[in-house]
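Peer 1: show me the folded form of this:
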Amino acid sequence: MSGASFILTINMVVAGLFATAFLGIAVYERTYISARLFALGFVFAMLNFGTELLVPFISNPKLGYMLAFSTFLCALICSAIGMAYKYSVRVPWTGLAILFAVSLAVVYSIYGIARVTLAGMLLYQAPYFVAICFCNYIILKSRARGIMDMLLFALLFASAGHFLLKPVLAIASGGTGVNPQDYVHTQYALFSQTIGAALSVANGLFVLTILTRDLVGDMAARSETDMLSHLLNRRGFEVRGEVAVAQARRSGLPLSLVACDLDSFKAINDTYGHGLGDHVIRAFAASLQEIASQRDIVARIGGEEFAIVLPGMSIQTARLFAENARTNFSSRRVAGLPAESRFTASFGVAKLQSGDALSDLMRRADNALYDAKKSGRNCVRLAVPIEDENKVIELRAPSSGRTG
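Peer 2: Next up is the predicted model:
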């Protein structure tokens, strides 16, 4: 076995391992369409390496030549489509289809010069260069600027460039052989396959690392997300809330917490059923999301109980937030329920004080919420400073419409 044949065999095995790894991600997380496409790309790469090995045994040299070219081009096009799905960019179907059709026609027509002239070699390698440029175009269009994304961009750029340098390498190393069957026995094949293997492994590892990172992040997000309301759950709230409290302590900026609870929720479930009760929970969650900013931490912490951490907000500003949430929800129509049905919620507001942990802040907000419930519901209460903790300030507006 020649050195080039050995490298081709190694490349085929490595491509198979990458295909298996990406397929594993695709099976575990079926929404990762990109993983399926990357797996398919490496399957085509395996076919390419296998074809290169079998070319000496194919009686029709032109057939082996076209199979080797087309399988590798398919591998790169699958990778470009996978990149588009990974980065949520529209797939450039038209451009890729034109690239595939034109490339096949051109490469077929230059069979006689593809191995012996610089122009022919450049025309043969150019489609690979363009296919990888599509991948980099997709990364740029996505505006992804993470370190891993930029390193992948750089590696792809190097991979694209190396295809244009291959003709120079071929000439410098003595050529690609008189016919396709001679390829695996040339010095050029050994150099070309070795460089290609290094770049392919690097690109494959980077893409695999990025997908794995995304998968772990999605799993963490799901573990901290309430599936009914699509807000944070208690775990997610506590993790982010403790970070926000620590940041407020360091910066000296104010921070407030709003605890809220749907009024008479048991009666809502008893009257309309648990299914429509879920609609009310979703409606309340939506009303909170509508008025919250991106930095606010909004969560459903259990049953009909919700909490919002408001970084940078004084207690008076947080009171206005709670009042806005109260009026927004009390006037909101809930899908699936009679048009005249209206529901309300009660709110307790507390501000972060020196030495507070998140649990201390939550306890005072809960006390204020409890007083709001005792005072007739559909109102906002403010928790006063620790030294006067038994006092609560009531802010109440007349209820309108029907309450649950």
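Peer 1: tell me the spacing between S88 and T344.
Peer 2: Taking C-beta to C-beta, to the nearest Å as the criterion, S88 is separated from T344 by 39 Å. All C-beta spots, glycine's among them, are computed from the backbone N, C-alpha and C.
Peer 1: do the same with F42
Peer 2: Noted for F42: a distance of 57 Å to T344, by C-beta to C-beta.
Peer 1: and K166, by the same measure?
Peer 2: 71 Å.
Peer 1: follow-up on the earlier one: which of S88 and T344 has more neighbours?
Peer 2: It is T344, of S88 and T344, that has more neighbours when counted by other C-beta atoms under 10 Å, with 22 against 11.
Peer 1: apart from its neighbours in sequence, what residue is nearest that one?
Peer 2: N378 (3.9 Å; C-beta to C-beta, 6 or more residues apart in numbering).
Peer 1: correct me, but the one you found touches D263?
Peer 2: Yes - N378 is within contact range of D263, at 6.1 Å (criterion: C-beta atoms under 8 Å).
Peer 1: hmm, back to that, count of neighbours near the residue nearest to T344?
Peer 2: N378 has 23 neighbouring residues, counting by other C-beta under 10 Å.
Peer 1: same thing with V384?
Peer 2: Neighbours of V384 under the rule other C-beta under 10 Å: 17.
Peer 1: residues contacting I297?
Peer 2: L232, F237, R240, G241, A244, I308, V309, P311 (C-beta atoms under 8 Å, 6 or more residues apart in numbering).
Peer 1: what kind of secondary structure is the spatially most central residue of the chain in?
Peer 2: In the chain, the residue lying closest to the centroid (C-alpha atoms, centre = their mean) is D214, at 5.6 Å. Secondary structure, DSSP: H, G, I helix; E, B strand; the rest coil: D214 is helix.
Peer 1: before we move on, back to that, list the ones among the contacts of I297 that fall in strands.
Peer 2: In this view, the contacts of I297 that belong to strands under DSSP state E are I308, V309, P311.
Peer 1: who wins for neighbours among those?
Peer 2: V309 (29 neighbours).
Peer 1: how close does the residue nearest to that residue when sequence neighbours are not counted sit to A221?
Peer 2: Of all residues not flanking V309 in the chain, I297 sits nearest, at 4.0 Å (C-beta to C-beta, 6+ apart). Using C-beta to C-beta, I297 is found at 14 Å from A221.
Peer 1: residue ranges in the stretch 251-400 of the chain under the pLDDT threshold?
Peer 2: 385-400 (pLDDT under 70).
Peer 1: now the strands for it?
Peer 2: With DSSP state E, counting those that start in this stretch applied, the stretch 251-400 of the chain shows strands at 255-262, 297-302, 305-311, 345-351, 379-383, 392-396, listed in chain order.
Peer 1: deepest of those, which one?
Peer 2: For the strands of the stretch 251-400 of the chain, the largest average neighbour count (mean count of other C-beta atoms under 10 Å) is found in strand 345-351, namely a mean of 28.
Peer 1: partners of that strand, with directions?
Peer 2: Strand 345-351 pairs in its sheet with strand 255-262 (antiparallel), strand 379-383 (parallel), by DSSP bridges.
Peer 1: got the angle between that strand and strand 305-311?
Peer 2: Inter-element angle recorded for strand 345-351 and strand 305-311: 30 degrees (by axes from the mean of the first three to the mean of the last three C-alpha atoms, to 10 degrees).
Peer 1: and after the strand or helix carrying L122, which helix or strand comes next?
Peer 2: Secondary structure from DSSP states H and E places L122 in helix 118-142. Per DSSP H and E, the first helix or strand lying C-terminal to helix 118-142 is helix 147-172.
Peer 1: now do the helices in the protein.
Peer 2: 3-28, 33-54, 61-86, 93-109, 118-142, 147-172, 187-223, 234-251, 265-272, 274-291, 315-330, 358-374 (DSSP state H).
Peer 1: of all those, which one is nearest V349?
Peer 2: The minimum distance between V349 and these falls on helix 315-330, with 4.9 Å, by C-beta to C-beta.
Peer 1: C-alpha coordinates for the closest one, PDB please?
Peer 2: Backbone C-alpha positions of helix 315-330 (Å, rounded to 0.1, in the frame of the first residue of the first chain) are rendered in PDB as follows:
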ATOM      1  CA  ILE A 315     -38.800  50.100  45.100                       C
ATOM      2  CA  GLN A 316     -40.900  52.900  43.700                       C
ATOM      3  CA  THR A 317     -40.100  52.100  40.100                       C
ATOM      4  CA  ALA A 318     -40.800  48.400  40.900                       C
ATOM      5  CA  ARG A 319     -44.100  49.500  42.300                       C
ATOM      6  CA  LEU A 320     -45.000  51.100  39.000                       C
ATOM      7  CA  PHE A 321     -43.900  47.900  37.200                       C
ATOM      8  CA  ALA A 322     -46.200  45.800  39.500                       C
ATOM      9  CA  GLU A 323     -49.100  48.300  38.900                       C
ATOM     10  CA  ASN A 324     -48.600  48.000  35.200                       C
ATOM     11  CA  ALA A 325     -48.600  44.200  35.400                       C
ATOM     12  CA  ARG A 326     -51.700  44.300  37.500                       C
ATOM     13  CA  THR A 327     -53.700  46.500  35.100                       C
ATOM     14  CA  ASN A 328     -52.400  44.800  32.000                       C
ATOM     15  CA  PHE A 329     -53.500  41.400  33.300                       C
ATOM     16  CA  SER A 330     -56.900  42.500  34.700                       C
END
